[in-house]
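> Provide a 3D model corresponding to the input given below.
(one chain, ligands or ions: 1)
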Amino acid sequence: MSYTDEQIYAVDKADYLPVFARYQIVLDHGDGVNVYDTAGKKYIDFLGGIAVNVLGHGNKELVKAIADQAARMIHVSNLYYTEAQATAAEKLVKLSGLDRAFFANSGAEANEGAIKLARKYTHQKDAEKSTIITAWHSFHGRTLATLTATAQPKYQEGFGPLPAAFDYVTYGDLAELESKMNDKVSAVMLETIQGEGGVYVPSAEYLKGVRALCDKYGALLIFDEIQCGIGRTGSFFAYDGFGVKPDIVTLAKGLAGGVPIGAVITTEEVASALHPGDHGTTFGGNPLACAAANVVLDTVSAPDFLKNVAKLGDYFTGQLKKLAAKYPGLIKEVRGKGLMLGAELTRDDIGRDIVNDVLANGAIINCTAGNVLRFVPPLIITEADIDAVLACVDKALAKFA
Ligand SMILES: *Cc1c(COP(=O)(O)O)cnc(C)c1O
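As a prediction, this is how the structure comes out:
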(Lines give C-alpha, C1' and ligand atoms only; values in the text may rest on other atoms or scores of the structure.)
Protein backbone atom coordinates (compact mmCIF):
# COMPACT_ATOMS: atom_id res chain seq x y z
CA MET A 1 0.00 0.00 0.00
CA SER A 2 1.56 3.23 -1.12
CA TYR A 3 -0.67 5.72 0.76
CA THR A 4 -0.71 6.20 4.53
CA ASP A 5 -4.09 6.35 6.27
CA GLU A 6 -3.69 10.12 6.60
CA GLN A 7 -3.07 10.43 2.86
CA ILE A 8 -6.12 8.28 2.11
CA TYR A 9 -8.33 10.49 4.33
CA ALA A 10 -6.94 13.61 2.63
CA VAL A 11 -7.36 12.30 -0.92
CA ASP A 12 -10.85 11.00 -0.18
CA LYS A 13 -11.86 14.33 1.38
CA ALA A 14 -10.51 16.18 -1.64
CA ASP A 15 -11.74 13.92 -4.42
CA TYR A 16 -14.66 11.69 -3.38
CA LEU A 17 -18.18 13.07 -3.54
CA PRO A 18 -18.94 13.25 0.18
CA VAL A 19 -22.33 11.55 0.50
CA PHE A 20 -21.23 9.26 3.33
CA ALA A 21 -20.45 10.25 6.93
CA ARG A 22 -17.52 7.86 7.11
CA TYR A 23 -15.93 6.38 10.21
CA GLN A 24 -12.25 7.18 10.65
CA ILE A 25 -10.81 3.83 9.68
CA VAL A 26 -9.24 2.36 6.54
CA LEU A 27 -10.16 -1.30 6.11
CA ASP A 28 -7.62 -3.46 4.37
CA HIS A 29 -8.67 -7.11 4.34
CA GLY A 30 -10.98 -9.63 5.93
CA ASP A 31 -11.08 -13.25 7.01
CA GLY A 32 -14.25 -15.00 8.13
CA VAL A 33 -16.19 -12.72 10.44
CA ASN A 34 -13.20 -10.40 10.98
CA VAL A 35 -11.88 -7.40 9.05
CA TYR A 36 -8.53 -5.73 9.60
CA ASP A 37 -7.42 -2.13 9.26
CA THR A 38 -4.15 -1.07 7.65
CA ALA A 39 -2.33 -1.34 10.98
CA GLY A 40 -3.51 -4.95 11.33
CA LYS A 41 -6.01 -4.24 14.09
CA LYS A 42 -8.86 -6.77 14.05
CA TYR A 43 -12.57 -5.89 14.12
CA ILE A 44 -15.41 -8.40 14.39
CA ASP A 45 -17.66 -7.39 11.52
CA PHE A 46 -21.30 -7.50 12.63
CA LEU A 47 -22.43 -5.16 9.86
CA GLY A 48 -21.16 -7.42 7.06
CA GLY A 49 -21.14 -4.62 4.49
CA ILE A 50 -24.78 -3.99 5.52
CA ALA A 51 -26.14 -7.54 5.24
CA VAL A 52 -24.00 -8.27 2.16
CA ASN A 53 -21.14 -10.54 3.26
CA VAL A 54 -23.40 -13.45 4.21
CA LEU A 55 -20.55 -15.97 3.94
CA GLY A 56 -18.13 -13.64 5.73
CA HIS A 57 -14.85 -12.50 4.22
CA GLY A 58 -12.55 -14.68 2.14
CA ASN A 59 -14.86 -17.71 1.94
CA LYS A 60 -12.70 -20.18 -0.01
CA GLU A 61 -15.44 -21.62 -2.17
CA LEU A 62 -16.79 -18.18 -3.07
CA VAL A 63 -13.33 -16.80 -3.84
CA LYS A 64 -12.53 -19.81 -6.01
CA ALA A 65 -15.80 -19.57 -7.94
CA ILE A 66 -15.17 -15.87 -8.61
CA ALA A 67 -11.53 -16.43 -9.59
CA ASP A 68 -12.38 -19.39 -11.85
CA GLN A 69 -15.21 -17.51 -13.53
CA ALA A 70 -13.05 -14.37 -13.93
CA ALA A 71 -10.40 -16.44 -15.68
CA ARG A 72 -12.97 -18.07 -17.99
CA MET A 73 -15.04 -14.97 -18.75
CA ILE A 74 -16.01 -12.01 -16.56
CA HIS A 75 -18.74 -10.61 -18.71
CA VAL A 76 -20.76 -11.32 -21.79
CA SER A 77 -23.82 -9.53 -23.13
CA ASN A 78 -27.25 -10.69 -22.06
CA LEU A 79 -27.85 -11.33 -25.77
CA TYR A 80 -26.18 -14.71 -25.14
CA TYR A 81 -26.82 -17.61 -22.76
CA THR A 82 -24.45 -18.49 -19.93
CA GLU A 83 -24.57 -21.49 -17.65
CA ALA A 84 -23.90 -19.36 -14.56
CA GLN A 85 -26.95 -17.15 -15.15
CA ALA A 86 -29.29 -19.96 -16.18
CA THR A 87 -28.42 -21.99 -13.08
CA ALA A 88 -28.75 -18.98 -10.75
CA ALA A 89 -32.23 -18.31 -12.18
CA GLU A 90 -33.12 -22.00 -11.80
CA LYS A 91 -32.11 -21.95 -8.12
CA LEU A 92 -34.04 -18.74 -7.35
CA VAL A 93 -37.18 -20.08 -9.04
CA LYS A 94 -36.95 -23.31 -7.08
CA LEU A 95 -36.34 -21.56 -3.75
CA SER A 96 -39.03 -18.90 -4.20
CA GLY A 97 -41.84 -21.06 -5.51
CA LEU A 98 -42.20 -18.40 -8.23
CA ASP A 99 -41.56 -18.88 -11.94
CA ARG A 100 -39.10 -16.38 -13.43
CA ALA A 101 -36.02 -14.47 -12.31
CA PHE A 102 -34.32 -11.40 -13.80
CA PHE A 103 -30.95 -10.08 -12.65
CA ALA A 104 -29.95 -6.48 -11.99
CA ASN A 105 -26.88 -4.93 -10.35
CA SER A 106 -28.20 -3.55 -7.08
CA GLY A 107 -31.16 -3.38 -4.78
CA ALA A 108 -32.48 -0.12 -6.15
CA GLU A 109 -32.28 -1.49 -9.66
CA ALA A 110 -34.12 -4.67 -8.67
CA ASN A 111 -36.91 -2.59 -7.08
CA GLU A 112 -37.00 -0.28 -10.09
CA GLY A 113 -37.53 -3.40 -12.19
CA ALA A 114 -40.27 -4.63 -9.85
CA ILE A 115 -42.12 -1.30 -10.09
CA LYS A 116 -41.85 -1.28 -13.88
CA LEU A 117 -43.03 -4.88 -14.04
CA ALA A 118 -46.04 -4.22 -11.77
CA ARG A 119 -47.15 -1.19 -13.77
CA LYS A 120 -46.72 -2.91 -17.13
CA TYR A 121 -48.77 -5.82 -15.84
CA THR A 122 -51.64 -3.84 -14.33
CA HIS A 123 -51.70 -1.37 -17.26
CA GLN A 124 -52.84 -4.28 -19.43
CA LYS A 125 -56.11 -4.15 -17.48
CA ASP A 126 -56.38 -0.41 -16.95
CA ALA A 127 -53.98 2.25 -18.27
CA GLU A 128 -54.45 4.18 -15.00
CA LYS A 129 -53.88 1.27 -12.63
CA SER A 130 -50.50 2.74 -11.60
CA THR A 131 -50.41 3.55 -7.90
CA ILE A 132 -47.63 1.98 -5.87
CA ILE A 133 -48.33 1.96 -2.13
CA THR A 134 -45.36 1.68 0.23
CA ALA A 135 -44.87 2.11 3.98
CA TRP A 136 -43.52 4.95 6.08
CA HIS A 137 -39.97 4.22 7.33
CA SER A 138 -39.38 1.98 4.33
CA PHE A 139 -36.18 1.90 2.35
CA HIS A 140 -36.25 0.81 -1.27
CA GLY A 141 -33.26 2.55 -2.86
CA ARG A 142 -31.91 5.79 -4.31
CA THR A 143 -33.01 5.93 -7.94
CA LEU A 144 -35.85 8.39 -8.54
CA ALA A 145 -38.64 5.79 -8.51
CA THR A 146 -37.23 3.81 -5.58
CA LEU A 147 -36.51 7.04 -3.70
CA THR A 148 -40.16 7.91 -4.17
CA ALA A 149 -41.07 4.44 -2.91
CA THR A 150 -38.81 5.10 0.09
CA ALA A 151 -41.28 6.86 2.38
CA GLN A 152 -38.81 8.99 4.30
CA PRO A 153 -38.91 12.73 3.51
CA LYS A 154 -35.23 13.21 4.46
CA TYR A 155 -34.16 11.12 1.46
CA GLN A 156 -36.55 12.79 -0.99
CA GLU A 157 -36.04 16.46 -0.19
CA GLY A 158 -34.48 18.46 -3.00
CA PHE A 159 -34.74 15.76 -5.65
CA GLY A 160 -38.15 16.60 -7.08
CA PRO A 161 -40.11 16.41 -9.18
CA LEU A 162 -40.58 12.82 -8.08
CA PRO A 163 -42.40 10.22 -10.19
CA ALA A 164 -46.17 10.31 -9.77
CA ALA A 165 -48.63 7.82 -8.30
CA PHE A 166 -46.88 6.72 -5.11
CA ASP A 167 -48.78 6.66 -1.83
CA TYR A 168 -47.78 5.78 1.73
CA VAL A 169 -49.27 3.94 4.69
CA THR A 170 -48.27 3.11 8.24
CA TYR A 171 -46.45 -0.24 8.35
CA GLY A 172 -48.57 -2.71 10.30
CA ASP A 173 -51.85 -0.76 10.02
CA LEU A 174 -54.20 -2.87 7.90
CA ALA A 175 -57.18 -0.51 8.31
CA GLU A 176 -55.19 2.39 6.88
CA LEU A 177 -54.08 0.28 3.93
CA GLU A 178 -57.67 -0.78 3.32
CA SER A 179 -58.73 2.88 3.26
CA LYS A 180 -56.17 3.59 0.51
CA MET A 181 -56.91 0.57 -1.65
CA ASN A 182 -58.91 1.04 -4.85
CA ASP A 183 -58.89 -0.29 -8.39
CA LYS A 184 -56.12 2.16 -9.42
CA VAL A 185 -53.60 0.50 -7.12
CA SER A 186 -51.00 -1.38 -9.15
CA ALA A 187 -49.00 -2.80 -6.26
CA VAL A 188 -48.31 -2.72 -2.57
CA MET A 189 -44.58 -2.86 -1.97
CA LEU A 190 -43.26 -3.70 1.50
CA GLU A 191 -40.07 -4.89 3.08
CA THR A 192 -41.10 -8.21 4.64
CA ILE A 193 -39.15 -6.95 7.64
CA GLN A 194 -38.18 -3.25 7.63
CA GLY A 195 -34.43 -2.79 7.86
CA GLU A 196 -32.96 0.66 7.37
CA GLY A 197 -36.05 2.30 8.85
CA GLY A 198 -35.30 0.75 12.25
CA VAL A 199 -35.76 -3.05 12.10
CA TYR A 200 -39.52 -3.57 12.40
CA VAL A 201 -41.01 -7.08 12.24
CA PRO A 202 -44.68 -7.18 11.19
CA SER A 203 -47.20 -9.76 12.37
CA ALA A 204 -48.12 -12.65 10.10
CA GLU A 205 -51.74 -11.47 10.37
CA TYR A 206 -50.77 -8.10 8.93
CA LEU A 207 -48.91 -9.57 5.96
CA LYS A 208 -51.75 -12.03 5.34
CA GLY A 209 -54.19 -9.13 5.47
CA VAL A 210 -52.09 -7.19 2.95
CA ARG A 211 -52.10 -10.23 0.67
CA ALA A 212 -55.90 -10.47 0.92
CA LEU A 213 -56.36 -6.74 0.16
CA CYS A 214 -54.07 -7.00 -2.87
CA ASP A 215 -56.11 -9.94 -4.15
CA LYS A 216 -59.38 -8.11 -3.53
CA TYR A 217 -58.29 -5.05 -5.54
CA GLY A 218 -56.30 -6.85 -8.25
CA ALA A 219 -53.06 -5.28 -7.03
CA LEU A 220 -49.72 -7.06 -6.91
CA LEU A 221 -47.87 -7.72 -3.68
CA ILE A 222 -44.15 -6.92 -3.92
CA PHE A 223 -41.88 -7.99 -1.08
CA ASP A 224 -38.54 -6.20 -0.94
CA GLU A 225 -36.27 -8.84 0.61
CA ILE A 226 -33.07 -7.07 -0.35
CA GLN A 227 -32.00 -6.95 3.29
CA CYS A 228 -34.13 -9.60 5.01
CA GLY A 229 -33.83 -12.33 2.34
CA ILE A 230 -30.98 -14.78 1.63
CA GLY A 231 -31.43 -16.78 4.81
CA ARG A 232 -31.08 -13.85 7.17
CA THR A 233 -34.18 -14.61 9.24
CA GLY A 234 -33.66 -18.38 9.36
CA SER A 235 -35.72 -19.19 6.26
CA PHE A 236 -34.37 -18.56 2.77
CA PHE A 237 -36.98 -15.88 2.11
CA ALA A 238 -38.35 -14.00 5.11
CA TYR A 239 -41.87 -14.47 3.69
CA ASP A 240 -41.51 -18.24 4.19
CA GLY A 241 -41.54 -17.50 7.93
CA PHE A 242 -44.87 -15.63 7.68
CA GLY A 243 -46.70 -18.00 5.35
CA VAL A 244 -47.41 -15.27 2.80
CA LYS A 245 -46.35 -15.43 -0.84
CA PRO A 246 -45.78 -12.30 -2.94
CA ASP A 247 -46.31 -11.84 -6.68
CA ILE A 248 -42.86 -10.28 -6.97
CA VAL A 249 -39.88 -10.49 -4.63
CA THR A 250 -36.64 -8.55 -4.93
CA LEU A 251 -33.20 -9.56 -3.67
CA ALA A 252 -29.76 -7.96 -3.73
CA LYS A 253 -27.34 -7.32 -0.83
CA GLY A 254 -26.32 -10.84 0.24
CA LEU A 255 -27.21 -12.60 -3.00
CA ALA A 256 -23.67 -12.87 -4.37
CA GLY A 257 -21.80 -12.50 -1.07
CA GLY A 258 -20.42 -9.08 -1.99
CA VAL A 259 -20.33 -9.05 -5.77
CA PRO A 260 -22.87 -6.48 -7.01
CA ILE A 261 -26.13 -8.14 -8.06
CA GLY A 262 -29.89 -7.74 -7.72
CA ALA A 263 -32.80 -9.98 -8.66
CA VAL A 264 -36.49 -9.66 -9.43
CA ILE A 265 -38.46 -12.91 -9.15
CA THR A 266 -42.08 -13.23 -10.18
CA THR A 267 -44.87 -15.47 -11.40
CA GLU A 268 -45.39 -16.62 -14.98
CA GLU A 269 -48.61 -14.61 -15.08
CA VAL A 270 -46.96 -11.30 -14.11
CA ALA A 271 -43.83 -11.98 -16.16
CA SER A 272 -46.00 -12.38 -19.24
CA ALA A 273 -46.42 -8.59 -19.30
CA LEU A 274 -42.82 -8.13 -20.41
CA HIS A 275 -41.58 -8.96 -23.89
CA PRO A 276 -38.13 -8.80 -25.50
CA GLY A 277 -37.01 -5.16 -25.44
CA ASP A 278 -39.31 -4.04 -22.60
CA HIS A 279 -36.60 -4.08 -19.94
CA GLY A 280 -32.90 -4.79 -19.90
CA THR A 281 -29.45 -4.34 -18.44
CA THR A 282 -25.88 -4.45 -19.69
CA PHE A 283 -24.20 -5.85 -16.60
CA GLY A 284 -27.08 -7.44 -14.68
CA GLY A 285 -26.57 -11.14 -14.01
CA ASN A 286 -23.25 -11.39 -15.78
CA PRO A 287 -21.39 -14.67 -15.31
CA LEU A 288 -19.05 -13.28 -12.63
CA ALA A 289 -21.92 -12.14 -10.40
CA CYS A 290 -23.96 -15.27 -11.07
CA ALA A 291 -21.05 -17.62 -10.36
CA ALA A 292 -20.78 -15.93 -6.95
CA ALA A 293 -24.56 -16.08 -6.44
CA ASN A 294 -24.58 -19.80 -7.20
CA VAL A 295 -22.19 -20.48 -4.32
CA VAL A 296 -24.21 -18.31 -1.94
CA LEU A 297 -27.51 -19.91 -3.01
CA ASP A 298 -26.21 -23.46 -2.62
CA THR A 299 -24.65 -22.71 0.78
CA VAL A 300 -27.38 -20.64 2.38
CA SER A 301 -30.36 -22.69 1.21
CA ALA A 302 -29.08 -25.87 2.92
CA PRO A 303 -31.57 -26.75 5.69
CA ASP A 304 -28.83 -27.13 8.32
CA PHE A 305 -27.39 -23.73 7.45
CA LEU A 306 -30.80 -22.06 7.84
CA LYS A 307 -31.49 -23.93 11.08
CA ASN A 308 -28.21 -22.63 12.45
CA VAL A 309 -29.09 -19.03 11.51
CA ALA A 310 -32.37 -19.37 13.42
CA LYS A 311 -30.56 -20.85 16.42
CA LEU A 312 -27.92 -18.11 16.41
CA GLY A 313 -30.69 -15.54 16.10
CA ASP A 314 -32.44 -16.88 19.18
CA TYR A 315 -29.21 -16.84 21.16
CA PHE A 316 -28.31 -13.33 19.94
CA THR A 317 -31.79 -12.01 20.77
CA GLY A 318 -31.58 -13.49 24.27
CA GLN A 319 -28.17 -11.96 24.95
CA LEU A 320 -29.25 -8.60 23.53
CA LYS A 321 -32.32 -8.63 25.78
CA LYS A 322 -30.06 -9.28 28.77
CA LEU A 323 -28.04 -6.22 27.78
CA ALA A 324 -31.26 -4.21 27.44
CA ALA A 325 -32.24 -5.33 30.95
CA LYS A 326 -28.84 -4.19 32.23
CA TYR A 327 -29.25 -0.74 30.64
CA PRO A 328 -32.99 0.06 30.85
CA GLY A 329 -32.17 3.76 30.71
CA LEU A 330 -30.37 3.35 27.36
CA ILE A 331 -32.10 0.54 25.45
CA LYS A 332 -35.82 0.89 24.88
CA GLU A 333 -36.53 -2.23 22.83
CA VAL A 334 -34.89 -5.18 21.10
CA ARG A 335 -36.45 -6.15 17.75
CA GLY A 336 -35.77 -8.39 14.80
CA LYS A 337 -35.68 -11.94 13.56
CA GLY A 338 -32.82 -14.35 13.00
CA LEU A 339 -29.63 -12.42 12.32
CA MET A 340 -31.39 -9.14 11.56
CA LEU A 341 -31.59 -7.44 14.93
CA GLY A 342 -31.98 -3.94 16.26
CA ALA A 343 -31.72 -2.38 19.69
CA GLU A 344 -33.58 0.91 19.91
CA LEU A 345 -31.87 3.48 22.11
CA THR A 346 -33.85 5.76 24.39
CA ARG A 347 -31.78 8.73 23.18
CA ASP A 348 -31.34 10.15 19.67
CA ASP A 349 -27.97 11.75 20.31
CA ILE A 350 -25.66 8.88 21.25
CA GLY A 351 -25.98 6.30 18.46
CA ARG A 352 -22.97 7.42 16.48
CA ASP A 353 -20.84 7.79 19.64
CA ILE A 354 -21.74 4.25 20.71
CA VAL A 355 -20.90 2.88 17.26
CA ASN A 356 -17.56 4.71 17.41
CA ASP A 357 -16.83 3.32 20.89
CA VAL A 358 -17.75 -0.19 19.76
CA LEU A 359 -15.36 0.30 16.83
CA ALA A 360 -12.57 1.35 19.18
CA ASN A 361 -13.35 -1.75 21.27
CA GLY A 362 -12.87 -3.93 18.16
CA ALA A 363 -16.27 -4.52 16.55
CA ILE A 364 -18.25 -3.08 13.66
CA ILE A 365 -21.97 -2.39 14.02
CA ASN A 366 -24.04 0.54 12.81
CA CYS A 367 -26.83 2.81 13.92
CA THR A 368 -29.83 3.20 11.64
CA ALA A 369 -32.88 5.47 11.75
CA GLY A 370 -31.01 7.74 14.18
CA ASN A 371 -31.33 5.58 17.28
CA VAL A 372 -31.38 1.88 16.42
CA LEU A 373 -28.20 -0.15 16.83
CA ARG A 374 -28.36 -2.62 13.95
CA PHE A 375 -26.81 -6.07 13.76
CA VAL A 376 -26.81 -7.77 10.32
CA PRO A 377 -23.68 -9.94 10.60
CA PRO A 378 -22.39 -12.60 8.22
CA LEU A 379 -24.53 -15.73 8.62
CA ILE A 380 -21.45 -17.80 9.53
CA ILE A 381 -20.88 -16.31 12.99
CA THR A 382 -20.66 -18.31 16.21
CA GLU A 383 -22.10 -17.76 19.68
CA ALA A 384 -18.58 -16.76 20.78
CA ASP A 385 -18.58 -13.98 18.15
CA ILE A 386 -21.94 -12.76 19.48
CA ASP A 387 -20.56 -12.71 23.04
CA ALA A 388 -17.45 -10.83 21.91
CA VAL A 389 -19.39 -8.16 20.03
CA LEU A 390 -21.91 -7.69 22.83
CA ALA A 391 -19.00 -7.28 25.28
CA CYS A 392 -17.82 -4.39 23.07
CA VAL A 393 -21.34 -2.93 23.05
CA ASP A 394 -21.66 -3.39 26.82
CA LYS A 395 -18.42 -1.48 27.37
CA ALA A 396 -19.62 1.33 25.10
CA LEU A 397 -23.04 1.55 26.81
CA ALA A 398 -21.42 1.68 30.23
CA LYS A 399 -19.94 5.05 29.28
CA PHE A 400 -23.39 6.56 28.82
CA ALA A 401 -25.20 4.84 31.70
C1 LIG B 1 -30.18 -1.64 0.78
C2 LIG B 1 -31.60 -1.76 0.40
C3 LIG B 1 -32.07 -1.34 -0.86
C4 LIG B 1 -31.18 -0.65 -1.86
O5 LIG B 1 -30.15 -1.46 -2.31
P6 LIG B 1 -28.92 -0.79 -3.09
O7 LIG B 1 -28.11 -1.97 -3.55
O8 LIG B 1 -28.21 0.11 -2.15
O9 LIG B 1 -29.49 -0.04 -4.24
C10 LIG B 1 -33.39 -1.53 -1.14
N11 LIG B 1 -34.23 -2.13 -0.27
C12 LIG B 1 -33.81 -2.55 0.93
C13 LIG B 1 -34.78 -3.22 1.86
C14 LIG B 1 -32.49 -2.37 1.32
O15 LIG B 1 -32.09 -2.75 2.54
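> Contact partners for residue 28?
Applying CB atoms under 8 Å, 6 or more residues apart in numbering, we find residue 28 in contact with 1, 35, 36, 37, 38. Where you see a C-beta, it was placed from the backbone N, CA and C, and this is true even at glycine.
> Buried residues, the helix or strand harbouring residue 308. List them.
In this structure, residue 308 is located in helix 303-326 according to DSSP states H and E. Of the residues in helix 303-326, those buried by neighbour count under the rule 16 or more other CB atoms under 10 Å are 305-306, 308-310, 312-313, 316-317, 319-320, 323-324.
> I'd like to know which of those is nearest to residue 265.
The closest of the buried residues of helix 303-326 to residue 265 turns out to be residue 306 (CB to CB; 18.2 Å).
> pretty sure the closest one is touching residue 238, no?
No. Contact criterion CB atoms under 8 Å: residue 306 and residue 238 do not qualify, at 11.7 Å.
> Let me see the ranges of the strands in the stretch 1-150 of the chain.
Secondary structure of the stretch 1-150 of the chain (DSSP state E, counting those that start in this stretch): strands at 27-31, 34-37, 42-45, 100-104, 131-135.
> can you list the residues that contact the second one?
Counting by CB under 8 Å, 6+ apart, the neighbours of strand 34-37 from elsewhere in the structure are 25, 26, 27, 28, 29, 30, 42, 43, 44, 45, 57, 364.
> Make a PyMOL selection of the buried ones in these.
What follows is the PyMOL syntax selecting those of the contacts of strand 34-37 that are buried according to 16+ other CB under 10 Å:
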select buried, resi 25+26+30+43+44+45+57+364
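> Farthest-apart pair in the contacts of strand 34-37, please.
Pairwise distances across the contacts of strand 34-37 (CB to CB) peak at 17.5 Å, for the pair 26 and 44.
> re earlier: dump the buried residues of helix 303-326 into a markdown table; add distance to residue 264 and pLDDT as well.
Putting the buried residues of helix 303-326 into a markdown table (distance: CB to CB, whole Å; pLDDT from 0 to 100) gives the following:
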| residue | distance to residue 264 | pLDDT |
| --- | --- | --- |
| 305 | 24 | 98 |
| 306 | 23 | 98 |
| 308 | 28 | 98 |
| 309 | 24 | 98 |
| 310 | 27 | 98 |
| 312 | 29 | 98 |
| 313 | 27 | 98 |
| 316 | 31 | 99 |
| 317 | 31 | 98 |
| 319 | 36 | 98 |
| 320 | 33 | 98 |
| 323 | 38 | 98 |
| 324 | 37 | 98 |
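> Closest one of those residues to residue 220?
Closest to residue 220, out of all of these and judged by CB to CB, is residue 306, at 27.1 Å.
> Could you pull up the residues touching that closest one?
Taking CB under 8 Å, 6+ apart, we find residue 306 in contact with 231, 234, 235, 236, 300.
> neighbours around the nearest residue to residue 130 once chain neighbours are set aside, how many?
Using CB to CB, 6 or more residues apart in numbering and skipping residues adjacent in sequence, the residue nearest residue 130 is residue 165, 4.3 Å away. Using other CB atoms under 10 Å, residue 165 is surrounded by 15 other residues.
> The contacts of strand 34-37 also near the ligand: which ones?
The subset of the contacts of strand 34-37 within reach of the ligand, counting by CB under 6 Å from any ligand atom, is empty.
> Could you measure from residue 134 over to the ligand?
11 Å (CB to the nearest ligand atom, to the nearest Å).
> quick one on the thing from earlier: now the contacts of strand 34-37 as a markdown table including distance to residue 333 and pLDDT?
As requested, the contacts of strand 34-37 are exported to a markdown table (distance: CB to CB, whole Å; pLDDT from 0 to 100):
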| residue | distance to residue 333 | pLDDT |
| --- | --- | --- |
| 25 | 29 | 97 |
| 26 | 34 | 98 |
| 27 | 31 | 98 |
| 28 | 36 | 98 |
| 29 | 36 | 98 |
| 30 | 31 | 98 |
| 42 | 31 | 98 |
| 43 | 26 | 98 |
| 44 | 24 | 98 |
| 45 | 24 | 98 |
| 57 | 31 | 98 |
| 364 | 22 | 98 |
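> interface residues of the chain facing the ligand?
Checking the chain against the ligand by CB under 6 Å from any ligand atom, the hits are 106-108, 111, 139-141, 191, 195-196, 224, 226-227, 252-253.
> Nearest to the ligand among those residues?
residue 107 (2.2 Å; CB to the nearest ligand atom).
> Which residue is the nearest non-sequential neighbour of that closest one?
residue 252 (3.5 Å).
> Same question for residue 196.
residue 139 (3.6 Å).
> Now the one you found: phi and psi?
Here is the backbone geometry of residue 139 (degrees, to the nearest 10): phi -140, psi 120.
> one step back: right, so of the strands of the stretch 1-150 of the chain, which gets closest to residue 68?
strand 100-104 (19.4 Å).
> what residues does the closest one touch?
Contacts for strand 100-104 (CB under 8 Å, 6+ apart): 85, 88-89, 92-93, 110, 112-113, 252, 261-268, 271, 279, 281, 284-285, 289-290.
> Provide a list of residues in contact with the residue nearest to residue 196.
150, 152, 191, 194, 195, 196, 197, 227.
> got the contact list for the fourth one?
Spelled out, that is residue 194. Contacts of residue 194 (CB under 8 Å, 6+ apart): 135, 137, 138, 139, 171, 200.
> Now do stretch 337-348, average pLDDT.
Mean pLDDT, computed over stretch 337-348, is 98.
> Then stretch 146-153?
On average, stretch 146-153 scores 98.
> In that stretch, which residues are buried?
146, 147, 148, 149, 150, 151, 152.
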